[in-house]
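K.L.:
Just to be clear, the model below is a prediction. Sequence and coordinates:
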Protein chains: 2
Amino acid sequence: MTSTPSARGAALSPADHKSLASAVRALSMDAVEAANSGHPGMPMGMADAAVVLFSEQLRFDPRRPDWPDRDRFVLSAGHGSMLLYSLLHLTGYPDMTIDELRQFRQLGSKTPGHPEYGHAAGVETTTGPLGQGFGNAVGMAIAERHLNARFGDDLVDHRTWVIAGDGCLMEGISHESASLAGHLGLGRLNVLWDDNHISIDGPTSLTLSDDVQARFRSYGWHVVACDGHDPAALSAALAEAAADPRPSLIACRTTIGFGAPTKAGTAGSHGAPLGATEIAGAREALGWPHPPFEIPTQVMAVGMRLGDRGAAEQEAWLGRLEAVDPAVRAEFERVMAGELPEDLADAVQSLKATLASDPPKLATRVASQRAIEAIAPVMPELLGGSADLSGSNNTKVKAQQPFTRDDAAGSYLHYGVREHAMAAAMNGMALHGGVVPYGGTFLVFTDYCRPSIRLAALMGIRVVFVMTHDSIGLGEDGPTHQPVEQLAALRCIPNLHVHRPADAIETAECWQLALERRDGPSVLALTRQGLPAVRTVHSGDNRSRRGGYVLLEADGGRRVTLIATGSEVDIARKARDLLAADGIGAAVVSMPCRELFAGQDAEYRAQVLGDGAVRVAVEAGVRMPWEADIGPDGGFVGMSTFGASGPYEKLYEHFGITPQAVADEARRLLAAKED
Amino acid sequence: MTSTPSARGAALSPADHKSLASAVRALSMDAVEAANSGHPGMPMGMADAAVVLFSEQLRFDPRRPDWPDRDRFVLSAGHGSMLLYSLLHLTGYPDMTIDELRQFRQLGSKTPGHPEYGHAAGVETTTGPLGQGFGNAVGMAIAERHLNARFGDDLVDHRTWVIAGDGCLMEGISHESASLAGHLGLGRLNVLWDDNHISIDGPTSLTLSDDVQARFRSYGWHVVACDGHDPAALSAALAEAAADPRPSLIACRTTIGFGAPTKAGTAGSHGAPLGATEIAGAREALGWPHPPFEIPTQVMAVGMRLGDRGAAEQEAWLGRLEAVDPAVRAEFERVMAGELPEDLADAVQSLKATLASDPPKLATRVASQRAIEAIAPVMPELLGGSADLSGSNNTKVKAQQPFTRDDAAGSYLHYGVREHAMAAAMNGMALHGGVVPYGGTFLVFTDYCRPSIRLAALMGIRVVFVMTHDSIGLGEDGPTHQPVEQLAALRCIPNLHVHRPADAIETAECWQLALERRDGPSVLALTRQGLPAVRTVHSGDNRSRRGGYVLLEADGGRRVTLIATGSEVDIARKARDLLAADGIGAAVVSMPCRELFAGQDAEYRAQVLGDGAVRVAVEAGVRMPWEADIGPDGGFVGMSTFGASGPYEKLYEHFGITPQAVADEARRLLAAKED
């Protein structure tokens, strides 16, 4: 842990503080009023704390919002988006104009109802679903310490600041995330808790009796409490938090809707416009006579000075960057840009060639471990982990050392039984940049981290979810652990790629695709049980790249197309043999990624699926995703109920996912067609 | 709070305790060995604690396992299933024979890998996904206090006991559940924590630095710690927990795999067979020379005495039941049997008639509130709630008072921002019986509680999820809050009914169907925005009962079938008018529940969907669920990406979900058909 100054900027004068905080409050209530929807209460309540944070602690440069060594600011209580938008405007982020604030919550604006990553500079992550930002911040703080260990204090030495509300802290993800942060001793993580005693249903006393401070101390956090409307108290509390080597919770006792004459301190200010009368009263109470969206020049000047302060720090950092070894600089710039190492493709090719030369029978989870073994040495930015299933997910390779509170150079995270925090943290790592995160659990437990998977897809960030035990093929653990609907439920998330490779070579190819993908997350669905190789000839091409391909053409004319994924590709192969014995030509299509296949041109898709051939899809999951290919009366062999506990071979028999069943289904369709 | 004896049975003699605990350990390690998979470590570690619990505290009668006033025992750490199965066998549950134990983890046995509700008496809930049992137990404890308030101490006066592991407590759901239990002061809830310092990846020091006891104290729990292998210490700790008016955590410091000579205290005993050598060593260490699955008669006698003890309590309870007012008894028996009140159907009919007489423009969330207003007075077992969105979900009606620590008679739960705990608690309420739970959040946040929704479906229990703000129609809150894929993701869960009613009358009908359903959960997906009535004529039938029906037949011959749900039914109606203006006959099918429709006979389905007509499905969600009806080239108007922030009318325009787009799609299909 390096030492950093306990405050980065001098305190504002009381008058400057008040004018800036009032500007935030006015912009927030006025924007919500103009939009006729939104959440004025939180920005009005947290304006003082945020102004102290931006003026004294937060390191940022509005002209270089992507400066790698900036502090990260996460508004976990994303409904208070006007707090962030106001401050971005007031401190001079060029694209956050007053017109954008006027367009709050309008289609096409940079100011959507909740902060959305990519819409405006200074929005570090998409928040709104409560607790997610908190989890992202843990990942950002991990990434920062890891990169600090790789590149040193000169290049990486910043903090992660969070504003979270009662809702964030009531969510389970806050427990997982805070517990993980405490365990890892993430001292660069500081969370301002908007302790306003109000949630949507009313006073938090309706629902909450936690001693929140004691709770965070139990996680090993440093906790400091202060009056959230007293700049001096806030200043001291933030400085104390910044100086403490533990993650810090700064409990800011605030009044929601501060300034609103009758609605302040009530749920009435939380999630609806205040109304003209209340706003007029607030203007009076705040001493803010200016019309909506008009900020006096001298107030803007206060904000701009805060923005300008960062420029000097950024310049100094740039000087340090220019002074480092050129190779180090190139590597730093490569990983921060998210570019893959040149050697990655060769590493995958070499692995594929080895696998083709002596085709192994491997569970695809083990094949995935082989892929990581090949990739990790050439891709030092890979940051792996598992939610307490390292040995089962095969996510850890020997070369990886654990990331711990004492060794941030470690590239493997033992996340504990915290699937949701893991996924949210991985999102934060990807957003931070400089690392490429992957993490594992059982496929069925994607349900436990689905809100974060969705946000990765919405944000379009590179996160690799390694999800093993991907069907009834996991056997005896039974239906609670057997995914049946999860493949469908993941495939219906926009912008998520779901890969289900059939053997070791496809697994290597899918890993490559997941890493190459820059604009969204990928799931690798992998088997527990061993699978024979279906690809035994080396191909320089990544055949999985098009999502689906003809693995085995029919002998003679093609009358049947068998479409399968993962462990069921081998079943389809055997069904093809059964059909061939009857003189029926059947092709086997392996389709490791439906989403990539859907993106191919119509001609390729028609060629693969076989115009005129009857189609049978085979997957040990529900039918829903396959209807698009097979049609309402199409052939399907898979699951329609939950699974059961028993040895997996017996389950496949019991649920009728067998070569014979596939061949029978094809014959049924052929007979119907001939009718 | 009534007083109950601090212990229900006398302590076993040290010798009897040891023999019973050793029997549990032997059965557990032998069954795992026979299955060649499973988790011996937890049952061996917690055998002492469980034996003390079953002998001194737990109120149960193996011959009347459904006795309403029994204590509920929840094995939240479900992987330790052999602990439960062993004790059910040893205490004389008739269907838990030694042959069932021999069949551990085999297809068709009563002893699946994780405990499954409905497979064997004494299994109160399905567990395995970590933390779920903990959440269920909170719901059971709520149900118990609520029924106690309704029916008094004579009929309802029992406890809920849980065994949870480190994994359960690391999961976020444990935070939400424990915080809720602390707030509600659920003193009848007692959780034994298997504090064994081991999780799958290794020692918990790899991942966990929480002060768990301090954490639970911060929730307002009573905490007591003891040596988990010292019967006297366990006895005192359990008695203290039972006597304390707060929910209790009993921290049992244990050795995982207790008795195994080299694997005890290591992750090696957690999740794999111990192996012959280790088992032989354990037999020696435990002083248990008996062959696998052989329990000496005198040891069985010890266990059977524990089972017999409950018979007397059960008889006494039956005497009290017989003494109460016959009407009270009838009501108690009705609600415990899960039978609906006779007046329910009339209440729904009356509401429907009112709605038809003056068709309102209502958001279906408001229509749902109307339905609850009609139903709640005739259905006192209804136990409602919301995860801090009562006003938005419209889940609370005036007649409902909050359930609080001081008033358990209240029939409305302010769950706080705890979607996952809410869903798991509702499962627990349904399993407990005597209440019918419903609870609300935004539809997009089904993602936050999906593991519990899945378990409700797997267990086949009646839980009603009231999920509002069901599409981009929620408007300005933007894509983080707009469900796009959630309808698909829910519909692919087996045994879950997803209702999306089109107006107030359909909403009343769907409520009726959800309540009538005894064998599984239902989701009601409801709009934020107002919808015109599409049903304006009173029908005595529940037209939603068949899942889909012809709302408007085509004028002239039917050439087009427009299939829609919820808010899009009105769009389909308007598209029908556009097509009619061109002389194209189009029918509108409202399909509030795809799952019910799929269960209709082929003739009905063909009649509704219109053989020969081109089909266009319209739903402001992803296409995936509709492929089954429309086919690969079928017509669909809906979403293919995430939504956006803006006024909802503009979003519908922007994403092209309009009458014109629907009509155009129909014309496109007709043109293609004529080619």
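P.N.:
In hand now; what should we look at?

K.L.:
Could you pull out the helices in the stretch 201-350 of chain A for me?
P.N.:
A:212-218, A:231-243, A:276-286, A:297-323, A:326-337, A:343-357 (DSSP state H, counting those that start in this stretch).

K.L.:
As JSON lines, those with distance to B:Asp555 would be great.
P.N.:
Backbone N, C-alpha and C define where each C-beta goes, glycine included. Formatted as JSON lines, these follow (distance: least, C-beta to C-beta, whole Å):
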{"stretch": "helix A:212-218", "distance to B:Asp555": "63"}
{"stretch": "helix A:231-243", "distance to B:Asp555": "69"}
{"stretch": "helix A:276-286", "distance to B:Asp555": "49"}
{"stretch": "helix A:297-323", "distance to B:Asp555": "63"}
{"stretch": "helix A:326-337", "distance to B:Asp555": "61"}
{"stretch": "helix A:343-357", "distance to B:Asp555": "61"}
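
K.L.:
if we compare the ones you listed, which one ends up closest to chain B?
P.N.:
helix A:212-218 (3.9 Å; C-beta to the nearest C-beta).

K.L.:
Which neighbouring elements make contact with the closest one?
P.N.:
Under the contact criterion of 3 or more C-beta pairs under 8 Å, 6 or more residues apart in numbering or on different chains; DSSP states H and E, helix A:212-218 touches strand A:222-227, strand A:248-253, helix B:212-218.

K.L.:
Could you give me the buried positions within the last one?
P.N.:
Using 16 or more other C-beta atoms under 10 Å in any protein chain shown as the test for burial, helix B:212-218 gives B:Val212, B:Gln213, B:Arg215, B:Phe216, B:Arg217, B:Ser218.

K.L.:
Now the third one: closest residue in space, sequence neighbours ignored.
P.N.:
Which is B:Arg215. If the residues on either side of it in the chain are set aside, B:Arg215 comes closest to A:Ser218, at 4.0 Å by C-beta to C-beta, 6 or more residues apart in numbering or on different chains.

K.L.:
OK, contacts around that neighbour?
P.N.:
Shown in contact with A:Ser218 (C-beta atoms under 8 Å, 6 or more residues apart in numbering or on different chains): B:Asp210, B:Asp211, B:Val212, B:Ala214, B:Arg215, B:Ser218.

K.L.:
same deal with A:Cys510?
P.N.:
When contacts are counted by C-beta under 8 Å, 6+ apart, A:Cys510 touches A:His499, A:Pro501, A:Ser522, A:Leu524, A:Ser544, A:Pro592, A:Cys593.

K.L.:
secondary structure class for the fifth one?
P.N.:
Local secondary structure at A:Ser544 is given as helix here, using DSSP: H, G, I helix; E, B strand; the rest coil.

K.L.:
and it, how far is that from chain B?
P.N.:
According to C-beta to the nearest C-beta, to the nearest Å, A:Ser544 and chain B sit 22 Å apart.

K.L.:
does that residue really touch A:Glu509, like I thought?
P.N.:
Yes. Counting by C-beta atoms under 8 Å, A:Glu509 is a contact partner of A:Ser544 at 3.9 Å.

K.L.:
what residues do these two have in common as contacts?
P.N.:
A:Pro501, A:Pro592.

K.L.:
and A:Gly384, that's in a helix?
P.N.:
No. Per three-state DSSP, A:Gly384 lies outside any helix segment and is strand.

K.L.:
Sounds good, over and out.
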